[in-house]
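Undergrad: Let me see the structure of the following:
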Amino acid sequence: MKKIINFICLKEPETRKILRKWWNSMGEDHGARARLRRAERADDVLLTEPFFQFLQKMPAWWSEPTNLPASALVVAALAHVKDNNEDKSFAAQLAMPKKGSEKPCMSELRFQQLQKSRDPDEFFRRLLRAIRMVENRVNIESLADNILHWMKEYRFGIDRRPQKRLAFLWANEYYTTISKTSNHA
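TA: Got it, this is the predicted structure:
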């Protein structure tokens, strides 16, 4: 059964559809994907042709100067995703057991480190590690929404309501998934 994912930043279905379409097009353009994957920092994609093609397809919000770092981070991270796994949210995917193991793909310590990233570069490095841990099979919409949420909190501060904070949402999905998968083992 497919879990319904609550989107905080990617609320419009049309925007998610455009994002999926762009990501699918990256599968056909190996050169563009390779250029994006070579980025050591998310900001490195700002000067690439594939990034400008992305901006042309997305709603105007993505191109606003204050939103370019978030857009770049989304593009840079999604370039590393090989398969769009829509079954679970990104945080829940990190909690799923590794093949042949009962342990989650991402350990609790690494998960907490990801949550506590101090700046976009550190967040990007830890995101890429997380994507590799789930064998580059990620729910791209959930990942993009989470990146936008993280960047919003980084720029404007966290919400006063804990249940609206990304760390809480991630922890809820991560630990709920661990609880469910360990109960079925």
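Undergrad: So what touches the lowest-mean-pLDDT helix or strand in the chain?
TA: For the chain, scoring each helix and strand by mean pLDDT, DSSP states H and E identifies helix 166-184 as the least confident one, at a mean of 89. Applying Cβ atoms under 8 Å, 6 or more residues apart in numbering, the contact partners of helix 166-184 are 6, 8, 88-89, 91-92, 94-97, 102, 104, 111, 115, 146, 149-150, 153, 158, 162-163. For glycine as for every other residue, the C-beta is placed from the backbone atoms N, C-alpha and C.
Undergrad: ok, now with 6 Å
TA: Contacting residues not belonging to helix 166-184 are listed as 89, 91-92, 95, 97, 104, 111, 115, 149-150, 153, 162 [Cβ atoms under 6 Å, 6 or more residues apart in numbering].
Undergrad: ok, the residue most central in space within the chain - contacts?
TA: Compute the mean C-alpha point of the chain, and by Cα atoms, centre = their mean the closest residue is Leu143, 2.3 Å away. Taking Cβ under 6 Å, 6+ apart as the contact definition, Leu143 lies against Phe90.
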